[in-house]
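Trainee: pasting a predicted model and its sequence here:
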Amino acid sequence: MKEKINIPQVPLAERCRPKTLDEFQGQEKLVGQGKPLRSMIDTDSLSSIILWGPPGTGKTTLAKIISETTDCEFHQINAVSSGVKEMRQIIELAKQNLDHYKRTILFIDEIHRFNKAQQDALLSSVESGQIIMIGATTENPSFEVIPALRSRVRIFVLQELSKIDLQNILNSALTNDEFLKTQKITYVDSDFLFFVSGGDARILLNILEASVIQELEKDEIKITKEVIENVIQRKNILYDKAGEEHYNIISAFIKSVRGSDPDAAVYWMARMLEGGEDPLFIARRMVILASEDIGNASPNALLLAESAFSAVHKIGMPEARIILSQCATYLASAPKSNAAYMAIDNAISDAKNFPQYQVPFNLRNAPTKLMKELGYGKEYKYPHEFQNNFVESNYLPEELKNKQYYLPSENGNEKAIKERLQTLWKNIKKY
């Protein structure tokens, strides 16, 4: 039996955090020789910046490298747990530092969590240079950072780490970490480790360390797929229901259904479900989609979508996934038409932008004798009294006479609708 091994209290991701840009992996377009962020650091000409990128791509590490490399006092806060009071205390210290010709860096992790008032509190200090603000965010600054603050900073976009970057990070940890290099690690299923980490270096290193600790009692440590699965219990899904990726994936799902690709539709749906999305949210989106993108080309689509929503509500997960899949694949495979959607939007546009034209007298309701005497309902032609239950008449205000909003397509059931309307309105409307 092995002697007791002292396991480090500091997590591997922190122990392996690069101290210099030369040790840093990834983001060559920002920190490579002659690139903008590197030049800013090398010349010690810092300005306030926002680092925007996926989790585990180096935002915090870059901020710490900047603090170590440049002659600045470094303060770090997290937007979730810190408020305006703490921020103002740091700003006051920064003012004092300036009196002694020393600059101050304020690193704000998850800056997108700050509300407008909290972000407003930064404006004056950032603009005057009292502080050099480095904000880190996983969310699009265009949506989460107020325009006034965005205009005062430079935004650098960090890309997902490549497989080569992740391999270099893994190799460095195995070779240089004082704890890991004393262990006899003979195999690591790196491909699976990269897969479950979702490209997040922090998660990768945490899973690696947890896997090693699990196997410490063995003479040879082999980090196999089975070991990793046992450690994590499930794949880490890149999906934040409150963040941008949520909207990216639901957008991909909707566009796949609209594009008649059932395979892509069920894949993006699976991503949402595995990420913990509310199945009713997905079902609700499909009800909307059934009318917006399929409409009268396949009227049953709306019936199926509404039934799916009801069934998902009654049954719940995990069985609801089957109902959702049936509905999504049907909608994706159905003929498409946005004619009904375009009709209402165009009509709403006219209702908003044109004067409120009067209802023609022949279409008005005449429940009283006085109204009848005023001409309400006069000369109205009752369609059921004519052949084929139809008679040519104008049902719009005179100013919009013969205006067309609904233009049925040639797809699915809508082709028959179009042909019928062509026959009925052949002397008036063009289809």
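Mentor: Structure's in. What do you need?

Trainee: next SSE downstream of the helix or strand of the chain with the lowest mean pLDDT?
Mentor: The helix or strand of the chain with the poorest confidence is helix 369-373; it has a mean of 83 (mean pLDDT, DSSP states H and E). Per DSSP states H and E, the first helix or strand lying C-terminal to helix 369-373 is helix 413-424.

Trainee: mean confidence for that following helix?
Mentor: For helix 413-424, the mean pLDDT works out to 92.

Trainee: ok, residues contacting it?
Mentor: With contact meaning CB atoms under 8 Å, 6 or more residues apart in numbering, helix 413-424 is reached by 295-299, 335, 337, 339, 388, 390, 408-410, 429, 431. For glycine as for every other residue, the C-beta is placed from the backbone atoms N, C-alpha and C.

Trainee: same thing with stretch 33-47?
Mentor: Taking CB under 8 Å, 6+ apart as the rule, stretch 33-47 contacts 21, 27-32, 49, 62, 65-66, 69-72, 103, 105, 132, 153-154, 156.

Trainee: now the least confident helix or strand of the chain: how far from the chain's centre is it?
Mentor: Computed by CA atoms, centre = their mean, to the nearest Å, the separation of helix 369-373 from the middle of its chain amounts to 59 Å.

Trainee: low-scoring stretches of the stretch 1-150 of the chain, by residue?
Mentor: 1-4 (pLDDT under 70).

Trainee: can you give me the strands for it?
Mentor: Listed in chain order, the strands of the stretch 1-150 of the chain (DSSP state E, counting those that start in this stretch) span 49-52, 72-78, 103-109, 132-137.

Trainee: so residue 70 versus residue 40, what's the distance?
Mentor: 9 Å (CB to CB, to the nearest Å).

Trainee: give me every residue that touches the residue of the chain most remote from its centre.
Mentor: The outermost residue of the chain relative to its centre, with distances by CA atoms, centre = their mean, is residue 373 at 60.5 Å. By CB under 8 Å, 6+ apart, the contact set of residue 373 is empty.

Trainee: now the buried members of the contacts of helix 413-424.
Mentor: Neighbour-count burial (16 or more other CB atoms under 10 Å) is assigned, among the contacts of helix 413-424, to 295, 296, 297, 298, 299, 335, 337, 339, 408, 409, 431.

Trainee: can you tell me the closest non-neighbouring residue to residue 165?
Mentor: residue 26 (4.1 Å; CB to CB, 6 or more residues apart in numbering).

Trainee: residue 291 too?
Mentor: Using CB to CB, 6+ apart, the nearest residue to residue 291 is residue 302, at 5.6 Å.

Trainee: ok, the one you found touching residue 290?
Mentor: Yes: here residue 302 lies in contact with residue 290, judged by CB atoms under 8 Å, at a distance of 4.3 Å.

Trainee: higher neighbour count, these two?
Mentor: residue 290 (25 against 19; other CB atoms under 10 Å).

Trainee: where does that one land on pLDDT?
Mentor: With respect to pLDDT, residue 290 has a value of 96.

Trainee: now it: how far from residue 366?
Mentor: Distance of residue 290 to residue 366, computed by CB to CB: 38 Å.

Trainee: could you pull out the helices for the stretch 151-300 of the chain?
Mentor: Under the criterion DSSP state H, counting those that start in this stretch, the stretch 151-300 of the chain contains helices at 163-176, 190-197, 201-214, 225-232, 244-258, 262-274, 279-289, 300-315.

Trainee: out of the ones you listed, which comes closest to residue 113?
Mentor: With respect to residue 113, and counting by CB to CB, the nearest of these is helix 244-258 at 13.8 Å.
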